[in-house]
Each structure stands twice: as structure tokens, then as C-alpha cells.
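Chemist: Show me how the following folds:
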Amino acid sequence: MEIINQITMEIVKKTKNGTSIHSLANEIGFAYSAVYKWVKMLEEYNVLQLIEKGNKTVIKVNHNLIYKKFLELYNAVSVIEKDQIFWNLIKNIKLKIRFVRGSAVAIWTKGSYITGDFVDRIYFLEVYEKDLESFKEILEKNNIPYSEGEVIKKRPLICIISKKDFKVERNESLPVMPLKELVSWCKELYLENVLEQLDLLYDLKLNVRYAEIKTM
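Modeler: Reported below is the predicted structural model:
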């Protein structure tokens with residue numbers, strides 16, 4: 001639909017009751033004429049309403065279904081964009097970090113085994129303690145959410161684990177825990193399904209066979 005575009009997405013996200021079109025255009029970085037055009041279009045859909053207040057015209061937000069759908073779409077696009085920024089950033093970062101746990105599983109199995117956390121865009125990274133603050137600053141600069149314990153709702157979410165030292169291997173340009181270490185981790189947690197995938201990919205001679213239990 002023509003009404004869904006970058007300008008209208010920004011307008012809906014940034015507009016507050018009482019905002020003028022001029023101040024809104026300055027905030028979102030588009031020309032006044034373009035913002036005016038799309039505010040009028042959104043008014044036709046009853047998402048926004050232009051109101052005369054004194055000697056100026058201000059915007060009123062109508063929290064209708066279309067408005068809510070715009071916000072949902074904006075948030076979904078924002079998550080995808082931040083996710084792409086994060087992966088590009090990690091490939092070129094100079095700090096000592098590595099993917100661990102389910103994130104390492106997804107990388108080493110080349111996507112043939114994906115954990116629920118990974119699907120939900122929750123990534124586990126160990127960070128060398130001396131690089132911890134620098135890593136946080138990089139994430140903050142790129143507006144990428146992170147946590148050092150609790151799992152919060154923002155996505156993508158980088159779960160940071162500070163560590164004094166560790167070994168790092170590269171897989172598809174990504175820093176990840178060594179394969180041997182991942183295998184030990186999987187064995188401790190009895191993750192036979194993951195071990196079987198790793199064995200198939202790297203011929204580790206693990207003699208692991210995993211079969212799902214099927215019921216009739």
C-alpha cells in the first residue's frame with residue numbers, strides 16, 4: 001500500500017499530541033512538504049488529525065487500529081535492521097568476544113540446528129572482562145539492547161557474559177567458542193540431537209544417534 005513507507009512510519013512513531021508539522025519534519029529529517037503530504041494522507045485514514053490551536057496547526061494522534069498496526073510494523077522492521085547491524089558489527093569487531101551456548105550451536109551447525117533463543121533473536125556472547133565496557137559502548141552507540149543477566153523484552157537482545165579469558169575460533173567470520181569446547185558443553189547437557197548434527201558435519205566420531213520419539 002502506498003501509505004506504508006519510510007516517511008509515514010517515522011511520522012506515526014515520532015508524532016505526539018500537540019506536535020506541529022514543522023517541528024515533526026525537523027525531528028524525522030524529511031522535507032516539510034513531504035511530511036505535510038503524508039500527515040494529510042494519514043488524516044484521511046483517521047490515524048492523525050490536524051487541529052487549529054491559536055495561531056498554529058498541531059497534530060492529534062488517534063490511537064485507532066491502523067495506528068497500532070503501524071507501530072507493530074515499525075517495531076518489527078526496527079528489530080530486523082538492528083539485527084543486521086549487529087551481525088555486520090560482530091564480523092569486524094576487534095574486541096575479544098565469542099558466541100557461546102545456543103548461539104554457538106546455531107553457528108557451528110550452520111543453521112541445521114536452531115535453538116529457541118536464537119530464533120527469538122537472543123544471542124549469548126562471552127566478553128573478555130577488559131573489553132566489557134568498550135563492547136557495551138559499541139552496542140549502545142548502535143542502539144542494540146543488551147543484558148548481563150535477566151532476559152528483557154527488547155530484540156535483538158545480546159546476553160553478555162563477562163569472563164577473564166577464553167579461546168576463540170572463527171566460523172564464517174564469526175568469533176565462536178571452539179568446536180571441541182562446544183561438544184563438551186553439549187555432552188554435559190545431554191544434547192544428543194546437537195551432537196549428532198555436529199558429528200554429521202565434522203565427522204567427530206562421536207557415535208551419537210538421536211531419534212525423536214513419535215506417538216501414533
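
Chemist: hey, let's count contacts and neighbours off CA atoms from now on
Modeler: OK.

Chemist: Could you list the domains of the chain?
Modeler: Listed domain ranges for the chain are 6-62, 78-177 (source: automatic domain parsing).

Chemist: want to throw these into TSV with mean pLDDT?
Modeler: Shown next, in TSV, are these (pLDDT from 0 to 100):
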stretch	mean pLDDT
domain 6-62	94
domain 78-177	96
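
Chemist: Output these in TSV, with distance to Asp203 appended to each entry.
Modeler: As requested, these are arranged in TSV below (distance: least, Cα to Cα, whole Å):
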stretch	distance to Asp203
domain 6-62	48
domain 78-177	12
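
Chemist: Reformat those domains as CSV; add distance to Tyr202 and mean neighbour count.
Modeler: Formatted as CSV, the domains of the chain follow (distance: least, Cα to Cα, whole Å; neighbours: other Cα atoms under 10 Å):
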stretch, distance to Tyr202, mean neighbour count
domain 6-62, 45, 16
domain 78-177, 9, 16
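
Chemist: got the contact list for Ile144?
Modeler: Applying Cα atoms under 8 Å, 6 or more residues apart in numbering to Ile144 gives the contacts 82, 86, 155-158.

Chemist: how about a cut-off of 7 Å?
Modeler: 82, 156 (Cα atoms under 7 Å, 6 or more residues apart in numbering).

Chemist: Helix, strand or coil: sort out Val58 for me.
Modeler: Judged by DSSP: H, G, I helix; E, B strand; the rest coil, the three-state class of Val58 is strand.

Chemist: Return the residues in contact with the most centrally placed residue in the chain.
Modeler: Nearest to the mean C-alpha position of the chain, by Cα atoms, centre = their mean, lies Pro156 at 2.4 Å. Counting by Cα under 7 Å, 6+ apart, Pro156 touches 79, 82-83, 121-122, 144-145.

Chemist: how far away is Ala106 from Lys154?
Modeler: 21 Å (Cα to Cα, to the nearest Å).

Chemist: just Tyr113 next, same as before
Modeler: Tyr113 is 24 Å from Lys154, by Cα to Cα.

Chemist: any idea what sits nearest Val183, other than its immediate chain neighbours?
Modeler: Leu195 (6.7 Å; Cα to Cα, 6 or more residues apart in numbering).

Chemist: hey, where'd the helices end up in the chain?
Modeler: In the chain, the helices defined using DSSP state H lie at 6-14, 21-28, 32-44, 65-92, 101-108, 116-119, 132-141, 179-188, 192-202.

Chemist: How far does the longest one sit from its chain's centre?
Modeler: In terms of Cα atoms, centre = their mean, to the nearest Å, the centre of helix 65-92 is set 7 Å apart from its chain centre.
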